[in-house]
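Asks: Requesting a structural model of the entry that follows:
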Amino acid sequence: MEKPSLEINLPDTHEEGKLYVVDSLNNLNKLNVCPEASQHVLDEEENTGGTGENTGGSNIRNQCLFFVTFILTLIVSLALVSFVIFLIIQTRNKMDQISSRLMSEKKNIEELKKMNNMILKHLNQSGIKE
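Replies: Residues are numbered from 1 along each chain as shown. Okay, here's the model as predicted:
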């Protein structure tokens, strides 16, 4: 019994022809050995030539995703900083209002004290002489 040989003797074939025949045999061997679930991986490997050339597109996609995420982060940060500045300004305005109210109330209290002293003096002058 003779074993079938994987070698094919082609007498007048150039290098490209030999490579094509070997590549075809490798593909045939992969189809016979690999299950259908891994065929997708083989197709990707054939498309990239097995050297990972497809990672260039993935790298660009990752850079774009990073750039978009960075821009969104900057926009959200700007919105938060604007909101904090708005709250600081509002708080300052409220503090100014409260301060002016306290000053006016202080003046009112001093006037009431003066009036109270005047009333007490008037009562002391008129009421004690009985």
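Asks: Sketch out the low-pLDDT regions of this protein for me.
Replies: 1-22, 29, 31-56, 128-130 (pLDDT under 70).
Asks: Could you rerun that using 50?
Replies: Within the chain, the stretches with pLDDT under 50 are 1, 50, 52, 130.
Asks: would you list every one of the helices in the protein?
Replies: 15-33, 39-48, 55-127 (DSSP state H).
Asks: Same list, those helices, but as JSON lines with mean neighbour count please.
Replies: C-beta coordinates here come from the backbone N, C-alpha and C atoms, glycine included. Below are those laid out as JSON lines (neighbours: other CB atoms under 10 Å):
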{"stretch": "helix 15-33", "mean neighbour count": "11"}
{"stretch": "helix 39-48", "mean neighbour count": "12"}
{"stretch": "helix 55-127", "mean neighbour count": "10"}
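Asks: Dump stretch 63-73 to CSV, restricted to CA.
Replies: The C-alpha coordinates for stretch 63-73 follow below in CSV (Å, rounded to 0.1, in the frame of the first residue of the first chain):
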residue,chain,number,x,y,z
GLN,A,63,-8.2,56.8,19.2
CYS,A,64,-11.5,58.2,17.9
LEU,A,65,-13.3,56.7,20.9
PHE,A,66,-10.7,58.2,23.3
PHE,A,67,-11.0,61.6,21.6
VAL,A,68,-14.8,61.6,21.8
THR,A,69,-14.7,60.5,25.4
PHE,A,70,-12.1,63.2,26.2
ILE,A,71,-14.3,65.9,24.5
LEU,A,72,-17.4,64.8,26.4
THR,A,73,-15.5,64.8,29.7
